[in-house]
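Colleague: Compute the structure for the input listed below.
(3 chains)
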Amino acid sequence: MSDSADLGFLGGPVFEVAPRLLGAVLRHAGVAVRITEVEAYDGADDPASHAYRGETPRSSVMFGAPGHLYVYFTYGMHHCCNVVCGETGRASAVLLRAGEVIDGIETARARRPGASDVALARGPALLCRTLDIDLAQNRVDLAAGDVTLTPASAPSGTVQTGPRVGVRHGADLAWRFWLAGEPTVSTHRPASVRRPAAGR
DNA sequence: CTACCGATATTCT
DNA sequence: GAATATCGGTAGA
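Modeller: Reported below is the predicted structural model:
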């Protein structure tokens, strides 16, 4: 892995890229995480995607070339990290939802005191915090070396699919992928729909 | 273990 | 003003 030429697969269709990211290793700021859970977002046809309503300052990187990171700030306090994939202009991306820390475990623990090892990156915002990824990493090229992605050389386990988490539109689509039996996969949180404006 | 609720930036209505 | 690709604290079983 002396070069990153093997990231070319990121330019393929998002539903082929997403499962191939399972088992890949993302490294930044002294910590490496093996990806165990992802979700696919297809800007052209996906009402849940940030790119669905067109290009905005936040989502513009999704409309660019594959192989870049799309990091966004949400709920006023959390970061989430995506890998832009698909053809340039397709505006599709894969959200990295969870992973297993395989290097820099001491650094990761120091960033999240009190958390158990399997919970260090169990959730998209936690994964970003453990890897110290924030808006400074938005739009970075994975080939540039600040953040590196090492694809899995072989299947890392059984891939399962299911509905995406936390989305209201397109929630019935099985666009979430994870590795069966991995304890680091985030528990399915059924997006407890807030009650309609009834009493409160 | 499950369930609810608050914090709050970006975007849309 | 309202919704959102979330998490952590608190309450209860």
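
Colleague: Only C-alpha atoms from now on, for both contacts and neighbour counts.
Modeller: Noted.

Colleague: Count the residues that sit near the nearest residue to residue A:146 once chain neighbours are set aside.
Modeller: Excluding the flanking residues, the one nearest residue A:146 by CA to CA, 6 or more residues apart in numbering is residue A:28, at 6.6 Å. By other CA atoms under 10 Å, the residues close to residue A:28 number 19.

Colleague: For residue A:28, grab phi and psi.
Modeller: phi -160, psi 140 (degrees, to the nearest 10).

Colleague: is it true that it touches residue A:148?
Modeller: Yes - here residue A:28 reaches residue A:148: they are 6.8 Å apart, a contact under CA atoms under 8 Å.

Colleague: measure residue A:162 to DNA strand C for me?
Modeller: Separation of residue A:162 from DNA strand C (CA to the nearest atom of the strand, to the nearest Å) stands at 14 Å.

Colleague: May I have the residues that are in contact with that residue?
Modeller: A:173-177 (CA atoms under 8 Å, 6 or more residues apart in numbering).

Colleague: In CSV, list those along with pLDDT, neighbour count and secondary structure.
Modeller: Formatted as CSV, these follow (pLDDT from 0 to 100; neighbours: other CA atoms under 10 Å; DSSP: H, G, I helix; E, B strand; the rest coil):
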residue, pLDDT, neighbour count, secondary structure
A:173, 88, 12, coil
A:174, 91, 14, coil
A:175, 93, 22, coil
A:176, 92, 22, strand
A:177, 94, 25, strand
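
Colleague: I'd like to know which residues of chain A are adjacent to DNA strand C.
Modeller: A:41, A:48-51, A:74-75, A:78, A:80-82, A:93-95, A:122-127, A:165-169, A:191, A:196 (CA under 7 Å from any atom of the strand).

Colleague: would you list every one of the helices in chain A?
Modeller: According to DSSP state H, chain A carries its helices in the segments A:14-21, A:105-111, A:124-130.
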